[in-house]
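Q: When you get a sec, could you give me coordinates for this:
(2 chains)
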2 protein chains.
Amino acid sequence: MSAVLPARGRTSNQRTKGTNLSLTVVGSIAFDAVSTPFGERSKMLGGSAVHFSLAASFFTDVRVVGPVGEDFTATELAVLENLGVITEDIERVPGEQTFFWKGHYEYDLNTAHTDDTQLNVFGAFDPKLSEASSTADMLFLANIQPDLQRRVRAQCGGARFTALDSMNLWIETARDSLWEAISEVDCLLINDAEIRQLTDQPNLARAARAVMEKGPKAVVAKQGEYGAALFTPSGFFALPGFPLEDVRDPTGAGDSFAGGFLGYLDGEVGPIDELALRRAMGFGTVLASFNVEEFGTERVARLTRDEIDSRMEALRSMTDFGQTRS
Amino acid sequence: MSAVLPARGRTSNQRTKGTNLSLTVVGSIAFDAVSTPFGERSKMLGGSAVHFSLAASFFTDVRVVGPVGEDFTATELAVLENLGVITEDIERVPGEQTFFWKGHYEYDLNTAHTDDTQLNVFGAFDPKLSEASSTADMLFLANIQPDLQRRVRAQCGGARFTALDSMNLWIETARDSLWEAISEVDCLLINDAEIRQLTDQPNLARAARAVMEKGPKAVVAKQGEYGAALFTPSGFFALPGFPLEDVRDPTGAGDSFAGGFLGYLDGEVGPIDELALRRAMGFGTVLASFNVEEFGTERVARLTRDEIDSRMEALRSMTDFGQTRS
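A: Alright, predicted model coming up:
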């Protein structure tokens, strides 16, 4: 692997003038209550920005932006900081509670059923990025209200690569804002059912093309256990989900995918070309697969780079047609 | 491609004593009435054995076994024979009509809704294979009642590789017979939802293992537009569906997949090892993709081997991580 994936190999021509080589993510920092057929947790660290930043931390410097309440303690902060995530832009709101999500999964684990959502600190969130976060060379707008995503995007004018996730709620309630937000990023990374819903187009290839016509140069369709597909103007690539016999909690899989995907792009490659995007899909798949093996952040919090590289190699062999067979 | 896929390269040690190098398929030969958002046909050639044998015909000699009624004309027969399918074992039943299926698809094309099924000639079908069909070295039991599948299997004792498809109807109404039939073949090739239903196991990797514990050495989970996954005792392999912007009629896609898969294995490879199975998955994917581009057998009936090889190469590039990048 070492020749293929040099550790943090960066060349000076990758930098956009005035930026620093780090990855900023804005999104939810949450407490989750989750129940699956394999167990439950009543209050564990979660949220899109958390899952994303932990996954990305194995590849690059990650700055996480988002609000927390008074109930967010040093214990939760330590989970992020132990993996090197930069938490300076986590904003503690006095007198408020952290965003809270409660959900459960049925036996097949494919659909999250939301039982409760408490916005708390997110009700009045107005992102103001520090100098360091706003000059990061890469930006991920995790799934939050699209007007908030746009306000963050506007503060990161120099980023060389920006990506965005969203969900059915915003397609239904803030469609125009969401399209504006999408038109301002390089990559849309979203569930495949939501790409179809967003574009009113049941054919995924056509739906992806409709998105690219609005601006993004890449569309990643997340397909749950079926993996993920990448559409670019010049190509198509797809990977299956990494096959696992034990999946305990799918919460955060999509954000871990995004973290592996963007983290790799920021930390380990030069120009972001088709091949770099394909490798990034592989690391996204691998990080998502570790995420779902245990509850919340539990597995990724003690993950090692060797484990990632080993599973990446396994994934590669699982998709190999055997080109060199004589 | 020529070095990778020698045309019909067979060595004598592939033959099981007393067999001939051909592929026998038993299944339905049908008239279909199909309506999709992109058109409709009131009576067109269809059926699992038909879609299978047309797809397989590009790779090997195929013998199709099944009953038809008096309404089955030289026109339908010619579609099969034009691609070289051997039709000697098609049994014409006097005074009866051909099996008839009527169905429609909604806008997303993912689910077939059955509006009518008329068994007709299949009501009293008792398969009796000719000498040539029963000594084929490869056998595909398309989706018919599992006791019928077993009766055919018993007549093909010398086959070196046997595979079986089934459906939810038989899981619900003939579960024990189906398990017996599965235990007597080398490969189960079935929709992924049906593997879960058959094994009462929502986790696909565990479900596939449960099937292999009953006898089969390979399990292919067909996943519609998401592609297909291959499980063997030693490995896992998956391919996405070939991305198409125009899908007009999904009817027969699974049978075309099986035809490409088994046809390739019979006609073009020596030992059936992991790599051969992976390539077979590729050809299955390619044949299924052509099948759905037009109604019924219309596209495959005028397909060429060059078109197949060209799409196989495209599929390979769509799943390539870029191993040789410097």
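
Q: For stretch A:252-259, list the C-alpha coordinates in PDB.
A: The C-alpha trace of stretch A:252-259 is given here as PDB (Å, rounded to 0.1, in the frame of the first residue of the first chain):
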ATOM      1  CA  GLY A 252     -23.500   7.700  11.400                       C
ATOM      2  CA  ALA A 253     -22.500   5.300   8.600                       C
ATOM      3  CA  GLY A 254     -23.100   7.900   6.000                       C
ATOM      4  CA  ASP A 255     -21.200  10.600   7.800                       C
ATOM      5  CA  SER A 256     -18.300   8.200   8.400                       C
ATOM      6  CA  PHE A 257     -18.300   7.500   4.700                       C
ATOM      7  CA  ALA A 258     -18.100  11.200   4.000                       C
ATOM      8  CA  GLY A 259     -15.300  11.500   6.500                       C
END
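
Q: And what about the nearest residue to A:Phe38 once chain neighbours are set aside, helix, strand or coil?
A: Nearest residue to A:Phe38, sequence neighbours excluded (CB to CB, 6 or more residues apart in numbering or on different chains): A:Arg248, at 4.4 Å. For glycine as for every other residue, the C-beta is placed from the backbone atoms N, C-alpha and C. Secondary structure, DSSP: H, G, I helix; E, B strand; the rest coil: A:Arg248 is coil.

Q: how many neighbours does A:Arg248 have?
A: By other CB atoms under 10 Å in any protein chain shown, the residues close to A:Arg248 number 20.

Q: which residues does it contact?
A: A:Thr36, A:Phe38, A:Gly39, A:Val292, A:Glu293, A:Glu294, A:Phe295 (CB atoms under 8 Å, 6 or more residues apart in numbering or on different chains).

Q: For it, give its distance to chain B.
A: 11 Å (CB to the nearest CB, to the nearest Å).

Q: and the gap between that residue and A:Leu275?
A: 33 Å (CB to CB, to the nearest Å).

Q: For the residue nearest to A:Phe38, give its distance to A:Ile182.
A: 33 Å.

Q: Next up, the contacts around the residue of the stretch 51-200 of chain A found nearest chain B.
A: Closest approach between the stretch 51-200 of chain A and chain B, counting by CB to the nearest CB: A:Asp108, at 4.3 Å. A:Asp108 sits next to B:Arg196, B:Pro202 when contact means CB under 8 Å, 6+ apart.

Q: now swap in the one 5 residues further on and tell me
A: Under the criterion of CB under 8 Å, 6+ apart, the contact partners of A:His113 comprise A:Gly103, A:His104, A:Tyr105, A:Glu106.

Q: Just confirm it is within a strand.
A: Yes - the assignment for A:His113, made by three-state DSSP, places it in a strand.

Q: beta partners for it?
A: Note on A:His113: beta-bridge partners A:His104, judged by DSSP bridges.

Q: hmm, back to that, can the contacts of A:Arg248 go into TSV with extra columns for neighbour count, secondary structure and pLDDT?
A: Putting these into TSV (neighbours: other CB atoms under 10 Å in any protein chain shown; DSSP: H, G, I helix; E, B strand; the rest coil; pLDDT from 0 to 100) gives the following:
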residue	neighbour count	secondary structure	pLDDT
A:Thr36	21	strand	94
A:Phe38	14	coil	92
A:Gly39	11	strand	94
A:Val292	23	coil	97
A:Glu293	16	coil	97
A:Glu294	18	coil	97
A:Phe295	22	coil	97
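
Q: Just name the closest of those residues to B:Gly66, please.
A: A:Val292 (44.1 Å; CB to CB).

Q: right, and the closest one touches A:Pro250 too?
A: Yes - with contact defined as CB atoms under 8 Å, A:Val292 reaches A:Pro250; the gap is 5.1 Å.

Q: and A:Ile308, how far is that from chain B?
A: Applying CB to the nearest CB, the value for A:Ile308 to chain B is 15 Å.

Q: The helix or strand that contains that residue - contacts with which helices or strands?
A: Using DSSP states H and E, the secondary-structure element containing A:Ile308 is helix A:305-318. Applying 3 or more CB pairs under 8 Å, 6 or more residues apart in numbering or on different chains; DSSP states H and E, one finds that helix A:305-318 contacts helix A:274-291, strand B:235-239.

Q: after the longest one comes which helix or strand?
A: This points to helix A:274-291. Where DSSP H and E defines the elements, the next helix or strand beyond helix A:274-291 is helix A:298-301.

Q: List the buried residues for that next one?
A: A:Glu298, A:Arg299, A:Val300 (16 or more other CB atoms under 10 Å in any protein chain shown).

Q: Please name the nearest non-neighbouring residue to the first one.
A: Ranked by CB to CB, 6+ apart and with sequence neighbours excluded, the top spatial neighbour of A:Glu298 is A:Met44, at 7.8 Å.

Q: what's the nearest residue to A:Pro233 once chain neighbours are set aside in contact with, if anything?
A: Closest residue to A:Pro233 in three dimensions, ignoring its sequence neighbours and counting by CB to CB, 6+ apart: A:Met212, at 6.2 Å. Under the criterion of CB under 8 Å, 6+ apart, the neighbours of A:Met212 are A:Ala218, A:Val219, A:Phe231, A:Thr232, A:Pro233.

Q: Would you agree the fourth one is in contact with A:Pro216?
A: Right, A:Thr232. No - counting by CB under 8 Å, A:Pro216 is not a contact partner of A:Thr232; they are 9.5 Å apart.

Q: gap between the closest residue to A:Asn191 other than its chain neighbours and A:Gly263?
A: Nearest residue to A:Asn191 in three dimensions, chain neighbours excluded: A:Lys222, at 5.0 Å (CB to CB, 6+ apart). Applying CB to CB, the value for A:Lys222 to A:Gly263 is 16 Å.

Q: out of those two, which sits in the busier spot?
A: With neighbours defined as other CB under 10 Å, A:Lys222 and A:Gly263 compare such that A:Gly263 has more, 29 against 25.

Q: Please enumerate the strands of the stretch 51-200 of chain A.
A: In the stretch 51-200 of chain A, strands defined by DSSP state E, counting those that start in this stretch lie at A:61-68, A:90-92, A:99-105, A:112-118, A:136-141, A:161-164, A:187-191, listed in chain order.
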